[in-house]
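> coordinates only, sequence not included:
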C-alpha cells in the first residue's frame, strides 16, 4: 500500500471537489504563513494585512477550482463552484469556532457568493486546460 503523499492525492483525485478543496486549503495555509512571517518581521498596517488575506483566499479558491475541474475534466463551473462553496463553509466553520458568533448579514452572503463565483471562474479555466 502506497502511503506517500502522491498516492494519497491520487486517491483524492477521484473526488474532484475534495481534491480542489485540499489544494485550496493547502495554498491558503502556505499564504497565511507567509503573511504571518511578513507581519512578524515587517511592519505592515492592518489594512495591508487584510488585503493580503483577501488576496490569498481568492487565489486559493481560484487555483483550487482549477485543480478540481482539471481532475474532473468536465463541468468546470460546477466543480469550481462547489470548491468555492465548500471553502466558504470551512471558513465559516473556523470563524464559528474562533469567534463563536455567526450572522447571515448581506456582506457575509455576498462573500459566500463571491467565493462561489471565483471558484466557478477557476473551474471554467481549469476544465479548458485539460489536454486529451
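Okay, I see it. Source: prediction; values computed, not measured.

> Low-confidence ranges, this protein, go.
Applying pLDDT under 70 to the chain flags the ranges 1-10, 101-102, 132.

> Strands of that one, start to end?
Secondary structure of the chain (DSSP state E): no strands located.

> Which parts of it are helices?
5-12, 16-41, 46-72, 76-99, 106-127 (DSSP state H).

> For the second one, list every residue counted as buried.
Neighbour-count burial for helix 16-41, counted by 16 or more other Cβ atoms under 10 Å, picks out 16-25, 27-28, 31, 35. (Glycine included, C-beta is placed from N, CA and C.)

> same question, the fourth one
With burial defined by 16+ other Cβ under 10 Å, the residues of helix 76-99 counted as buried are 76-88, 91.

> angle of it against helix 106-127?
140 degrees (axes from the mean of the first three to the mean of the last three Cα atoms, to 10 degrees).
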